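Structure for this input, please:
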Amino acid sequence: MKYWFIIHSLKDYFAHSDFIGHKKGKSERIEKVNKGDKIVYYAKGDSVVVGTFEVVSNKKEWPDDSFWKGPHVVMKIKQRRLAKPPLFVRIHDLVENIRPPLSIFPKGKFKAIKFKDRTAVEITEKDFISIEKYIKSFKLPNNALFKGSPNDTNLGEPMDLEVMNYAPTSEQGVVALFSHFMTRIRSHHFVKIEFIRSGFPDACAIEKIGDNFSRKYIEFEFKASKFREHIKNKTHAQTRCDYVVCWENDFPSCPVEVIELKKEIASTKKLI
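Presented below is the predicted three-dimensional model:
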C-alpha cells in the first residue's frame, strides 16, 4: 500500500468525484497508483485539499465524454474524510498548521514546485495520517473569509439616482447609470446595448437617428479627461469610438462627442 497526493482540480472533482485518472497514452506518475492505495485529493488552481480517499478499483479505460476529452485511464475512489465544501481546506493552512511539519514540506511551508506538472506525488504514511487528522478536526475560524466589517468608504454625493443612492465615483458607476437611463437621455435616442466588454471601446449601443438605427461605439469614463489616455494610444486612436459617456465632462476639447450623465440625468429628474 502506498500514499499519494493526487493533483487534479475542483472542476475534475465536481465532474467525477469518485474517479481519478489521466489521459490515455500520456505518461504520468499517477500510473503507479494502485487499488488499495490511499490518496489526498489536492485541487490545484483553488489550492485546496478536498479530502482523503481510498482507491477501490483497478485501472480501466474511460471513453471520451463531454468532460474528459479523449480516452482516459481511471480508477474508482471511495471517500474517507471529506473537507467541508465550498471552502474545503486551504493547502497553505494545512501545511503551516500541522505539527510536526509534514516530511514532504519539512519547513512547514507549501512549495508548489513539488507538484508542478505532476498528477501524483508519493508521501509517507505518517504524512497521510497527519493530513487526515487535520481535516477531521478542522473548523473554520470565527473570522471566516469575507465576514468582517463592511467597507462604506468612497461614496459619492447622496442623491436619488433610482438605481443608486449616491453619485458615482468610478467608471463602473457610470456603466450602471447609462444602462438604466440610456433610453431617457434627451440628446440621443438609444434603444439597446449590444454589448459591454473589456476592451476599447467598452460598449456598443443601438441609436435611433431619424427613421434609421445605427451602431454607436462607446467608451465609459468617470471623468472625460481620462479619455486622453486613449488618444495617446496609437492603436486606440485608429479604432472607431463615437461617444465618451462620463459622469463629469472636464475635457471640453475632447475629439469625440461627450455625453455627460450628470447633466443628462438632471434634465430628466430633480436630483436631491
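
what are the ranges of the strands in the stretch 51-200 of the chain?
60-62, 72-82, 89-90, 120-123, 190-196 (DSSP state E, counting those that start in this stretch).

Could I have the CA atoms of the fourth one written out in CSV?
Written as CSV, here are the backbone C-alpha positions of strand 120-123 (Å, rounded to 0.1, in the frame of the first residue of the first chain):
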residue,chain,number,x,y,z
ALA,A,120,0.6,12.2,-8.3
VAL,A,121,3.3,12.7,-5.6
GLU,A,122,4.1,9.9,-3.2
ILE,A,123,4.0,10.7,0.6
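
and that strand, which residues are buried?
Buried positions in strand 120-123, judged by neighbour count with 16 or more other C-beta atoms under 10 Å: 120-121, 123. C-betas here are computed from N, CA, C, even on glycine.

what's the distance between that strand and the middle of its chain?
29 Å (C-alpha atoms, centre = their mean, to the nearest Å).

if I read this right, Lys107 contacts Pro101, doesn't it?
Yes: between Lys107 and Pro101 there is a contact at 6.7 Å, judged by C-beta atoms under 8 Å.

who has more neighbours, the two?
Pro101 (16 against 10; other C-beta atoms under 10 Å).

List the contacts of the nearest residue to that one once chain neighbours are set aside.
In space, and not counting its chain neighbours, Pro101 is closest to Gly108: 4.1 Å by C-beta to C-beta, 6 or more residues apart in numbering. Applying C-beta atoms under 8 Å, 6 or more residues apart in numbering to Gly108 gives the contacts 95-96, 98-99, 101.

ditto for His92
His92 makes contact with 47, 110, according to C-beta under 8 Å, 6+ apart.

confidence score at it?
Looking at His92, its pLDDT reads 95.
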